[in-house]
Structure formats: structure tokens, C-alpha cells
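**Student:** sequence unknown, structure follows:
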């Protein structure tokens, strides 16, 4: 039905008063913007003549779609004697206000020194090698855990912790922080603290002669080289299972949430109680397949592409969208509520480490939404689309 005929029918429904407006109906096709005061006020609101078939969006009415991708592994690494780290924060990717990411590599024998984060919790996925973490909470309770590839850890904001390679193989992992402003240049490290504190205060604190502190490092060691710790000699002192900082993502059956086209392992607060304000997992999309269109209702989302090539299609409302090519080493950030899909366009599985800044995992799939909606509603939304097409959409 064309615009003029729809306008006539609408005017007939309104009566004679609407006929004077019909002449402008065809012109409304170009824009969905009326004049100030059109439509009446309060209880005296009135129907307006039909406007455009499809709503128009003036780019000036909404901000342009931001950049969502950053080449995390193309970033300049921070290198010290025991390894390196590369990061993606809002300083590199301004849209990523809720989450930051780090790829960290520890040489055999190296440790990421004792430190804490004042503004963010830490979530980790071990890619390769083995390592040990030690964490201390305000109650005075501490935990020591050993990790293998596919394991996760989680440390609450402000809790003191460290990471050390065990065994004769390097260990590297992805870290995610629930604050986009977090940077590896802003951690509170023990060597840095001791270096800048007056020696008489240190002496009183530890009940030692102050000249003994002359031997301490001058500055932050950050990732420090050291002798190899054999796996067989690595201590382990875990907390009770329900509160531990460790989760075996690839071995715990509770993590399985596979989908048509790939596998998905995820640990929310329901599976990993310690991780009460972050969720994370590993998604593997098969060659030629995709994770269908969906959105997350309660959290921002961070990706690190561990292997493969893909495309991320992002919908940002107001007629805005972006199709972004991704490859191994890239980071992607998707704000809460933004619709998106992820497609494998390479010749191998597409592996993605994913995190969300909420302990509860929530998502809505577009195809589920369509199937749950009445046919007459879908026909009204998708005007002009054959009923047979709508029926097929509901059968997917």
C-alpha cells in the first residue's frame, strides 16, 4: 500500500479534520520528523497522518558508531627481565569503558610480583604452560593454586596477589579487568612501594635495621626473572571448593553451553562463586559457522581472538551498524545492549576468550525473539514480507 493511499485511509478514520493534512502525506515519505507541537498535548493527543514507510535517522541526532576493535597483540609490550605484557584499555580503544584486557607472558622461573589493583577485579584464562597464584584477602585468609591450560582464576578488586611460572615451560594467559581505565602501568606493586618508602618507616614496619633495605630493587620489578620452580615442588593450598579462586573451565561439565555451530564453555557466578562480578569463557566457532545475532542485557563484553579469522557484525540502534574483521591477537569490545553476531570466515576454528563485567550471564537471541512473537505482530513489523517467509523465520 503506497503512502498516499495509507494517508487517505488514516484521514478517513480521523474524520473531516484530518483531510486538511492529507495533502502533506506524500511529502512525509522523505522524513519521519514533524513540526513542533504536532500531535497535540496531554489528553488532547490526536492521530497524525502517516509519515515515512521507514523511519529516517539524522546522523546528528545520535553519535557515530565507535571503533570496536584493537590489535592487542600489535600493541607495544611492556618488557622486564621475566617476560612481557600487552594491554587494551580505554586509552587504546575509547569505547571500552567497562573492561580492559591484557596478554601476559612469563618466562620459566619468572613471577609477576606481589601486587594489587585499586580499581578493578582480575579474571584470567591460561592459554599455555603452568603457573601458580597466591592471593591474600582482607580477612587474612590466603590461597595458593596451580593452573594448567584452560583454567581460570579470579581476584577481587584490592586483594593482594601474585603469579609465578612453574615448570620449565613459559606460561601465558589472558587477563581481563572490570574497569576499562585499568592499566598495567597503574598496579600497586610491592617492590615499587618499598622503593619509595623512607627506610626508617620500613625498618620500624619489619623490625629490621634500615640499611638492610639498601639491597632491595630500585623501582618496580613487575615481571622478575628467577630460578625455575619444578611442578613437583610447587606448593598448593586451596580454599574450600565453593570459595576457591580457581575454576577448571575446560574440565568442569557445568561450564558446557554448546550451540549450533560451535562449542562454548562459560563460568558465571553460578558455576564459579568467587567470580561474583565477572563472567568469562571460551567460544570456538566451527569453520563457516557463526554465533547468531544476540545481545547481552546486563553486561559489557570483551573478546580476545586466540585463533582464526572472523567478522563481528554490531548493531548500535538508530540505523547504526559496523562490520569488523578480526584475526588472531585482536581485541573487541561490545557495549551492553548492542546487538551482534560473530562469524568464522577463516580456514580453521575461530577461538575467542570472552569476558563480561557481571557475574550473572544474560543474553537474548534474535531468532528466539522472533519465534516467541505472534505472526500478526511480525507481519506488522515486517510490512510487505510474505507470510511464508515469516513462517520460515519462526522455524529456524
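**Tutor:** Yep, it's here. The structure presented is a predicted model; accordingly, all values stated were derived computationally and were not measured.

**Student:** tell me the bridge partners for residue 284.
**Tutor:** Residue 284 has these beta-bridge partners by DSSP bridges: residue 263, residue 351.

**Student:** tally of neighbours for it?
**Tutor:** 19 (other Cβ atoms under 10 Å). Any C-beta I mention is one placed from the backbone N, CA and C, and that applies to glycine too.

**Student:** okay, it and residue 308: tell me how far apart.
**Tutor:** 9 Å (Cβ to Cβ, to the nearest Å).

**Student:** overlap in contacts of these two?
**Tutor:** 349, 350, 351 (Cβ atoms under 8 Å, 6 or more residues apart in numbering).

**Student:** tell me the pLDDT at the first one?
**Tutor:** The reference is to residue 349. Confidence at residue 349, expressed as pLDDT, is 98.

**Student:** ok, now which ones touch it?
**Tutor:** Going by Cβ under 8 Å, 6+ apart, residue 349 touches 262, 284, 285, 286, 287, 307, 308.

**Student:** out of those residues, who's the most crowded?
**Tutor:** For the contacts of residue 349, neighbours tallied by other Cβ under 10 Å; top is residue 285, 24 neighbours.

**Student:** ok, it to residue 322 distance?
**Tutor:** Distance, residue 285 to residue 322, using Cβ to Cβ: 19 Å.

**Student:** same check on residue 242?
**Tutor:** Separation of residue 242 from residue 322 (Cβ to Cβ) stands at 42 Å.

**Student:** please say which of the two ends up with more neighbours.
**Tutor:** When residue 242 and residue 322 are compared for neighbours, residue 322 comes out ahead with 17 against 7, by other Cβ under 10 Å.

**Student:** phi, psi of that one?
**Tutor:** Per-residue torsions, residue 322: phi -150, psi 140 (degrees, to the nearest 10).

**Student:** how about stretch 361-378: buried residues?
**Tutor:** Across stretch 361-378, burial judged by 16 or more other Cβ atoms under 10 Å covers 361, 366, 370, 378.

**Student:** including distance to residue 34, secondary structure and pLDDT, could those residues go into a markdown table?
**Tutor:** Output for these, formatted as a markdown table (distance: Cβ to Cβ, whole Å; DSSP: H, G, I helix; E, B strand; the rest coil; pLDDT from 0 to 100):
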| residue | distance to residue 34 | secondary structure | pLDDT |
| --- | --- | --- | --- |
| 361 | 42 | coil | 98 |
| 366 | 31 | helix | 97 |
| 370 | 31 | helix | 97 |
| 378 | 27 | helix | 96 |
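
**Student:** could you dump those to CSV with distance to residue 159?
**Tutor:** CSV is the format used below for the buried residues of stretch 361-378 (distance: Cβ to Cβ, whole Å):
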residue, distance to residue 159
361, 23
366, 39
370, 44
378, 50
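
**Student:** near the closest residue to residue 278 other than its chain neighbours, how many other residues are there?
**Tutor:** Leaving aside its chain neighbours, residue 278 sits nearest to residue 123 (4.7 Å; criterion: Cβ to Cβ, 6 or more residues apart in numbering). Around residue 123 there are 29 other residues, counting by other Cβ under 10 Å.

**Student:** residue 123 and residue 277 touch, don't they?
**Tutor:** No: at 9.6 Å, residue 123 and residue 277 do not qualify as touching, with contact defined as Cβ atoms under 8 Å.

**Student:** overlap in contacts, these two.
**Tutor:** Joint contacts of residue 123 and residue 277 (Cβ under 8 Å, 6+ apart) are residue 178.

**Student:** relative to residue 259, how far out is the closest residue to residue 261 other than its chain neighbours?
**Tutor:** Spatially, and ignoring its direct neighbours in sequence, residue 261 is nearest to residue 289 (3.3 Å; Cβ to Cβ, 6+ apart). Distance, residue 289 to residue 259, using Cβ to Cβ: 9 Å.

**Student:** thank you kindly, that will do.
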